[in-house]
Structures are given as C-alpha cells and as structure tokens.
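A.B. asks: Sequence and predicted model, in that order:
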Number of protein chains: 2
Amino acid sequence: FSPGEQTNGDFVSSLPGIDLSQKNYSLYSGFLSFDGRHYHYVFVERNTTEKWALWLNGGPGCSSLDGLLTENGPFRVQKDGLLVDNKFAWSKNASILYLESPVDVGFTYSDNKADKKNVGDKTTTRDNTKALEKFIEKFPKYSTMPLILTGESYAGIYISLLLEALSTHPKFENILDGALIGNGMFDYGFNYNTMIHFANGHGLIPPSLWSNVLSDCCNNITEQCEFYDSEISDICALQTSEVMNVIFQIGLNLYNIYARCVTDSEEQMRKLIFTSAPEKMKKVFNMSKKLNMAPVCLSDYAIRNYLNKPEVVKALHVENSPASSNWTVCSDEVFQAYQKTHTSVKANLIQYFKNTRRLGTPHVIIYNGDIDMACNFLGGRDFAASLGFRMIEDQRPWLYRDTDQNVQLGGYVTEYEYLSFVTVKGSGHMVPTDQPEAALVMFQMYLEKTW
Amino acid sequence: FSPGEQTNGDFVSSLPGIDLSQKNYSLYSGFLSFDGRHYHYVFVERNTTEKWALWLNGGPGCSSLDGLLTENGPFRVQKDGLLVDNKFAWSKNASILYLESPVDVGFTYSDNKADKKNVGDKTTTRDNTKALEKFIEKFPKYSTMPLILTGESYAGIYISLLLEALSTHPKFENILDGALIGNGMFDYGFNYNTMIHFANGHGLIPPSLWSNVLSDCCNNITEQCEFYDSEISDICALQTSEVMNVIFQIGLNLYNIYARCVTDSEEQMRKLIFTSAPEKMKKVFNMSKKLNMAPVCLSDYAIRNYLNKPEVVKALHVENSPASSNWTVCSDEVFQAYQKTHTSVKANLIQYFKNTRRLGTPHVIIYNGDIDMACNFLGGRDFAASLGFRMIEDQRPWLYRDTDQNVQLGGYVTEYEYLSFVTVKGSGHMVPTDQPEAALVMFQMYLEKTW
C-alpha cells in the first residue's frame, strides 16, 4: 500500500501554522468525485488504530472542517493562524474522515449548478454514501476496517439516515460499527418541547411568564405541557412566542448558555432553531425580524481567516473549488435550499437496528453537552427513551481521572440494549471543544464498548 | 487624619508575593479588640471612594480572608505564593473591610477559652456589631461614611441579623446604606426544597428516581412537591434521601456544578447542606458516612499555604493569634459548636426595612450565581419573592459591555421596592471568583442604585 499513488496526491506534506513532521498521524486532503460532484475531505490517519470514523458537522450547511479545526481534530486553529496541538484529539484512537457535505458546503462543489437547488435529506444521504464508496476506493485498506459514524447537531439526521442506508449497502453492511452522535437533532417535537422546559429549569424565563405558560399550555401542571402540537390554543402560541423571545435575546449564547458571547459570528445555525418551531408559532413570532436581531455568539473568525489563505488552500489541494477564496463555516444558501424531509428520524434509527441486529452488537451513543440549548440534553434523553430499547441501567454518573489525577464527574450515562444516552457535564453544543478530555474518554468508551 | 497613629501600627507596609507600592489602595491588618476578644480584620482602603463595605464569608466558621484572597480582593493568591492583581476588585469602587468572624475563625481569637463553646447567631451578631464600633473608633473617617454589608453563603444569615441590629444602633443607623448578599442562606426550607428541583432541572436525578419522587412527595405534580415538611411520608423521606445521595456523590462540585473537582479541600461547607436537611431525612440518610465520602472539590491549598507563612503572619500583624501557624479557611470546631437560632431570617430582614424605611431608600441586593447547588438561585428567588415587597419589574436580562467590547448577558434582575434579586449567569457559589467582571458590574450597579 503506497499512499502517494492511490491517493492521487492528496497527501498533505506540509500545512501552514504547524510542523507536521514528528506527528503520529498523517493528513490527506482532496476530493471524492462522482456524478460531476466533488466532495472535499480531510483524512487524519492514525496507522496504529483499527477503526475509522466519519465526522459530520450539522447546519444543514455547516462544514465538517469546523470539527477538524475547532473540535476533535489533531490541532486547533488560533486567531493568529497558528495550529496548536489538541491533546485530546479523537485521532488518538481512530483515523477520522472529515467530509464537507452536502454540495456547496465549504470547498465541496458540483459541476452542475442546478445541484445546489436540489439539496436535501435524500440527496445528502445518497451523496454521503457515494463519497464513502469513493473513499474506500482511494484508501482500500479501510474497506475492511470497522467504520463509526460520528457528528453533531443536524448530523443527528444525516447520520441516522446514513446508518439506515449503509446497513443494507453491500460494501458497508459488514464494516458498519455504529455511531456516536453529539447534541443531535433527531426529532423536532422533542427538541422544541424540551427547550422550553430547559429554559425554565435554568432560570431564563421570568416567573410570571412561566406562570402564564403553565396556565395556557399545561393546565397548570408541568407534566402536561404541550408546546409543539399544531392544535395549541392561540393564547398558548402567544405565550410560547414570548418564551422564544426570551430565549433568543441578545447576548445569550444558545450553544453554551453559560459561555460568553462573541459577536463576529454567522447566523446560520441560529436559524435551525426557528425553522424547527411549529407552524402556528412561526406566525405569531416575527421570525425575519428576530433572525437579524443578534449574532449567535460564536466566533468563526479564526477558521475562516485560516481556510481562506492561499497557502492553506494550496496545501489542502482545493484550488479548484469555487470556494477557494471565500470559504465560510456555514452556507446560508444551502441552509435555505435544503429540503428537510424528516421531522423525526426515530423510524430510521429503529430500521438500522433491525437491519444490523443480526450481525452482533451494533452500538449507538447519543450524547449531549448539558448546557447547550440549541439541541438540549432533555430532548436527547427523551428521544433515546422513545426508541423503545430495553433499559439495562438507568442514569448513573460516569467518572474519569484527569491529567492531575483528580477524579472527575464526566456526566451521566443511561444504558439501553445497543444504545447509550450520555451527558457531558459542563459542555455546550460542541462537546469536543468545551470538554475535550471528557469527550475523548467518551469516544474511548465507545470504542471499547464499555457502555 | 494620620493613619500611622490612629491605626496603631496596623498599616501593612509590605506584603510577601506582591509589590504594594504604586497601588491605588492601602492595606491595614490588625485586631479589633473588646471583651477579651480579638477580631482580626484586613481593610482595603481606597481613598477616592465615598462608601465602605464589610465583607463576610459564611460557613458558619469560614474566614473572610477567602473573600480577600480568592474572590473580590485587590489580588488573588496563587499556588506559588504570589499575589496577582485582580482587575475586578470591589475596592475599585469602595473601601472594603474583611472581618474574620466569629471567634476562633482564622486569626480571630479570645482570651477566654469558654467563648468558643458559646458561639452562635446571637453572639456573632453582637460581636460583629462591636467589631464595627471598634473599627470606626480606629478609623473615625468611616463613622460618617455610608456602610454596605456584603458577603455570601451563611453570611446571608449573619448580614440579615446585622442589618436588623445596626438599623437601630445610634452609631450606625444613619450610615447604614444597605446590603449585597451572594448565594445567601436565608431560609432552610426554601433552600432545601429548591435544591431538589434544581438538581432535577439540571439532569442530576435519574428519570426513574424523579418519577418516584413525584409520586411519593408531589402527588405526581411538580408544583405540589413538599420535601422539607416534617410530616412528609416515610417513603417520600426515603426517595428524598436517594436524591441527596445523587447530589452529594463523588466528583460533583456542589459549589459550581459544571466546574471540575479538586480534591485537596476541606469538608466544612459541605456539612452546611446536611445540617440544613429536615430531621426526618437525617434519620434515613446516613450523614456521618456520607460526610467522609468525598471532598467538596474546592482547593484551599494556595490560601492556606500563603497565610501560614511566618513572613505573611508578620506582615499582617497577627503573630499574637493562636492560629498564627495553623490558619485554616474554615473551622470545623466553630461549625460544630455554632448555635443556629434561625431557620429563616425573613422576619429580621423585614424588620430592618421597617426600621430604616423612614430614612429614605435603603437597598438590598440578593444575588445568586446560577450554577451553584449549595445555595441555589431558585431558593434565593423564592426567598426574595416571599418578602412581600411590591414588584417594580419582573425578571429581565441585565447586560454589560466586556473589555473586548462585546455585549454580555450578566444574568437576570427582578426589581422590588427596596430590594433586587439578581442572578449571575455562569457562576457558582463564589460569584466574584467565577464571574469577576459581572460581579464588579453588579457591585457598581448597587453603588449607583441603578437597580
């Protein structure tokens, strides 16, 4: 096996901002091309490991290079353009494939301009599958190595659909190991309903407003609240829209409610929340106004600055991409055009387990940083419980020993047959960014099938 | 006014670990002595300000030097014994008196050994008053300057009682400005009941256990829970004790549930929680076992190391204290001996307002870091509401512009007549430590009577 030939020059021999010699990983960057489409990937290869993982960021429309450069990749990009080693990179334990998906996200593009208008859950699942086919053609070693699907946020939908597709795919059904999905979007109803409870539980809602909500949406009983149902009363819709005003107010960082707000960021991910609201509420709530009201508090300056440098574009072999001088972390156009065909991927996940159960022990971890409000842990918990698997052990703490030898509470784990629901204490939406050490422990627990 | 004479040599001319020249504050350290008792104080004087504040840490039995050296003082002590400037010291805006109280806390001592056995809410209020009398004798300038009472945790009780006492005291009634109390203990019932809801709202309680709690303590309705009542059923007491097991488990940092756990700390403050539990629950729950189970996750190494250095003891003029070589942040003996005569200080606070309302606009801010579980914000919010003052404005966000010019959400404020309830977003028990910038903004808002 000679990487230099089979990978068509995708090997990254040097990268601005870091000295790649003496590293225990190799980098590849290039395109996986089919049907006139050119999917950009970065592969972090760790030759001593026996599994590989696909990482997908969400949006829809956000680039997985965000995962590479700010989350679980082998380095983190700094404002000054330098890359600093990440002690807790997931590539310590597996080779990781970062795929920019779907078409027109990041450096990924199509020769056919019409493709971008026809993007959605269906095309993304098909294209992700084809990109993986191309990948194992380019790197045949991985065609027999266990594959883990990982990602976060809207990737909850991407990955659930991809699991279902790959579980009957002749080239993947035998290597598909399972999935690890962080702060995932799985079910709009669960996410929306729990977001309101989450906000109240964390003191974001004025008591008098909550009292109105209880009265107008819940028969005065917290356990009877229903916010997502299209049949909610007008007055409940009004109260709920008030809650949303409170949640989306200036300065509250939705992705980590206790983190500071940085104001040079883009707005795309914010829209995810609004478009997940029930129709009735959208009418009451003036969405377009609110969307321009405030940024989402996350800074993308460092990564955008880095990936638009000509020398970086060259090092990553993406000069041919139309985005080679205007890469953005999330594509507003893709977000707008994206056809969401699923409001819940419960049936798809269950189908995946049905398809694969005969093979042994497929495994899925649904994990949530517990201080994210965009895709909050209560929604993840409810969704995991709704899948109907036999509970093996109810919520218990999971601990790890940190580098100072102190025992740390990583969060909580609930074990079901073939599925675990895990929280990561003190983390927002991007778990590997906020709690890198706990996130790596969790990834290792997945690999060892401890949970 | 010549400090050198009237302060009897208390002026601190130099202090190990920091160069005090060129600072815009002066330090004094010495004893306020009366009735054979010697209360140690450190005074941070800022001559350009027009108000002064007393700061008290809680416990009972914990030293206010913790406030000086790790919270809102002009410097922070490091592990290596150096003092680093605190950009957000409260002495930017007022002179601050840190008092080690009561007897046998820190360097404070009595000539009469029997005093330590007779310590409690009553003696502490009396002694704090006498110490303040001695202070304005030593520093007569402050006998006509507005005095603010501040502190945190059990100081909620200290300060409420002291407010009541000083509001009819001839030397203080005219200068008593109000109070600013952080994560205060005011009412054991509110604190205990809300702690369980707080734990559930933050995902600490397994869903099946919460389901049992709802059934056994709440008639299956969250709004009807009663945990503190001595008439709760045996089965509810059992379920509640299970919740306490979960809350007090190894590795969970009670004082900031999202912070890491550091294991060289003392246990005293932890006991506060247990002793606040209702009698029935204490019987079910094996307290003594649990108390030795785990540390509280806070490190006191740096401050203990610093204050036991002979050169520091000398610089602070406390060589005569029996604790001059064995200073501890909290005194276990004081905690054990302390006679708590109040389960709620609601009546005392109301009496203070009655006594002083005629003078104009006395003001109290009750503030809570919102990720502390020891004295959680829901308990503070319920207590503030229970005082029965007219609400001027329901909970709204409060914002500030940080040093990077980003607008930050500091937390939420609810304004009542003469009283504000304030949360500090993303802070645990020690607000000036966790959110120093927001804490200073809050202190300034108090001084300007903006809230």
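C.D. replies: Good, I have the coordinates.
A.B. asks: what pLDDT, on average, does stretch A:379-396 get?
C.D. replies: Here stretch A:379-396 scores 96 as its mean pLDDT.
A.B. asks: and if you look at stretch A:412-419?
C.D. replies: Along stretch A:412-419, the predicted confidence averages to a pLDDT of 95.
A.B. asks: Tell me which residue in the stretch 101-250 of chain A sits closest to chain B.
C.D. replies: Closest approach of the stretch 101-250 of chain A to chain B (CB to the nearest CB) occurs at A:Gly201, with a separation of 2.9 Å. Glycine gets a C-beta too; all of them are placed from N, C-alpha and C.
A.B. asks: residue nearest the centroid of chain A?
C.D. replies: Nearest residue to the geometric centre of chain A (CA atoms, centre = their mean): A:Glu152, 1.5 Å.
A.B. asks: Name all residues that make contact with that one.
C.D. replies: Remark: with contacts taken as CB atoms under 8 Å, 6 or more residues apart in numbering or on different chains, A:Glu152 is in contact with A:Leu56, A:Asn57, A:Gly58, A:Gly67, A:Glu71, A:Ile181, A:Gly182, A:Asn183, A:Gly184, A:His429, A:Met430, A:Val431.
A.B. asks: Out of these, which sit inside strands?
C.D. replies: For those, membership in strands holds for A:Leu56, A:Ile181, A:Gly182, with DSSP state E as the criterion.
A.B. asks: Hmm, the first one is touching A:Leu99, no?
C.D. replies: Yes. Here A:Leu56 lies in contact with A:Leu99, judged by CB atoms under 8 Å, at a distance of 6.4 Å.
A.B. asks: which neighbours do the two share?
C.D. replies: Common neighbours of A:Leu56 and A:Leu99, using CB under 8 Å, 6+ apart, are A:Ser64, A:Asn128.
A.B. asks: show me the contacts for the residue nearest to A:Asp187 when sequence neighbours are not counted.
C.D. replies: On the basis of CB to CB, 6 or more residues apart in numbering or on different chains, the spatially nearest residue to A:Asp187 that is not a chain neighbour turns out to be A:Ser344, at 4.0 Å. A:Ser344 is in contact with A:Phe186, A:Asp187, A:Tyr188, A:Gly189, A:Phe190, counting by CB under 8 Å, 6+ apart.
A.B. asks: farthest pair in those residues?
C.D. replies: A:Phe186 and A:Gly189 (10.0 Å; CB to CB).
A.B. asks: which of the two has more neighbours?
C.D. replies: A side-by-side neighbour count of A:Phe186 and A:Gly189, using other CB atoms under 10 Å in any protein chain shown, places A:Phe186 first with 27 against 19.
A.B. asks: Any chance of the backbone angles for the more buried one?
C.D. replies: Backbone torsions of A:Phe186, given as degrees, to the nearest 10, read phi -120, psi -40.
A.B. asks: close enough to count as contact, it and A:Ile157?
C.D. replies: Yes. Counting by CB under 8 Å, A:Ile157 is a contact partner of A:Phe186 at 7.1 Å.
A.B. asks: Touching both of those two, which residues are there?
C.D. replies: Taking CB under 8 Å, 6+ apart as the contact criterion, the residues that touch both A:Phe186 and A:Ile157 are A:Val345.
A.B. asks: roughly how far apart are the residue nearest to A:Asn368 when sequence neighbours are not counted and B:Ser95?
C.D. replies: Once its chain neighbours are removed from consideration, A:Asn368 has its nearest residue in A:Phe377; the separation is 3.7 Å (CB to CB, 6+ apart). A:Phe377 sits 45 Å away from B:Ser95 when distances are taken as CB to CB, to the nearest Å.
A.B. asks: before we move on, what about A:Ala259?
C.D. replies: Note on A:Ala259: its distance to B:Ser95, by CB to CB, is 34 Å.
A.B. asks: more crowded one of these two?
C.D. replies: Using other CB under 10 Å, the more surrounded residue of A:Ala259 and B:Ser95 is B:Ser95, with 24 against 19.
A.B. asks: returning to that earlier point: near the residue nearest to A:Asn368, how many residues? Count them for me, please.
C.D. replies: When neighbours are defined as other CB under 10 Å, A:Phe377 has 27 of them.
A.B. asks: Now do the contacts for it.
C.D. replies: Under the criterion of CB under 8 Å, 6+ apart, the contact partners of A:Phe377 comprise A:Phe198, A:Asn368, A:Gly369, A:Asp370, A:Thr423, B:Gly203.
A.B. asks: In strands only, show me those.
C.D. replies: Counting by DSSP E, the part of the contacts of A:Phe377 found in strands is A:Asn368, A:Gly369, A:Thr423.
A.B. asks: which residues touch A:Asn128?
C.D. replies: The neighbours of A:Asn128, taking CB under 8 Å, 6+ apart as the test, are A:Leu54, A:Leu56, A:Leu99, A:Ser101, A:Pro102, A:Tyr158, A:Leu162.
A.B. asks: helix/strand/coil for it?
C.D. replies: Assigned with DSSP: H, G, I helix; E, B strand; the rest coil, A:Asn128 falls in the helix class.
A.B. asks: Against B:Gly411, how distant is it?
C.D. replies: As defined by CB to CB, A:Asn128 lies at a distance of 42 Å from B:Gly411.
A.B. asks: same question, A:Tyr301
C.D. replies: Looking at A:Tyr301 against B:Gly411, where the rule is CB to CB, the gap reads 27 Å.
A.B. asks: Which of those two has more residues huddled nearby?
C.D. replies: Shown here are A:Tyr301 and B:Gly411; by other CB under 10 Å, B:Gly411 has more neighbours (27 against 13).
A.B. asks: Helices of the stretch 201-350 of chain A, residue ranges please.
C.D. replies: Along the stretch 201-350 of chain A, counting by DSSP state H, counting those that start in this stretch, helices occupy A:207-217, A:234-247, A:268-275, A:279-284, A:287-291, A:301-307, A:310-315, A:332-337, A:346-356.
A.B. asks: show me the contacts for the residue of the stretch 101-250 of chain A closest to chain B.
C.D. replies: Going by CB under 8 Å, 6+ apart, the list of residues near A:Gly201 reads B:Asn200, B:Gly201, B:His202.
A.B. asks: Closest one to A:Ser211 out of the residues you listed, please.
C.D. replies: When the contacts of A:Gly201 are compared for distance to A:Ser211 (CB to CB), B:Gly201 wins out at 16.6 Å.
A.B. asks: And the closest one, what's its pLDDT?
C.D. replies: 95.
A.B. asks: and if you look at A:Leu56?
C.D. replies: The per-residue pLDDT of A:Leu56 was computed as 98.
A.B. asks: Count the neighbours of the residue nearest to A:Ser167 when sequence neighbours are not counted for me.
C.D. replies: The shortest distance from A:Ser167 to any residue that is not its chain neighbour, by CB to CB, 6+ apart, is 3.9 Å, and that residue is A:Asn355. Counted with other CB under 10 Å, the neighbours of A:Asn355 add up to 18.
A.B. asks: A:Asn355 touches A:Glu164, doesn't it?
C.D. replies: Yes. Counting by CB under 8 Å, a contact exists between A:Asn355 and A:Glu164, whose distance comes to 7.3 Å.
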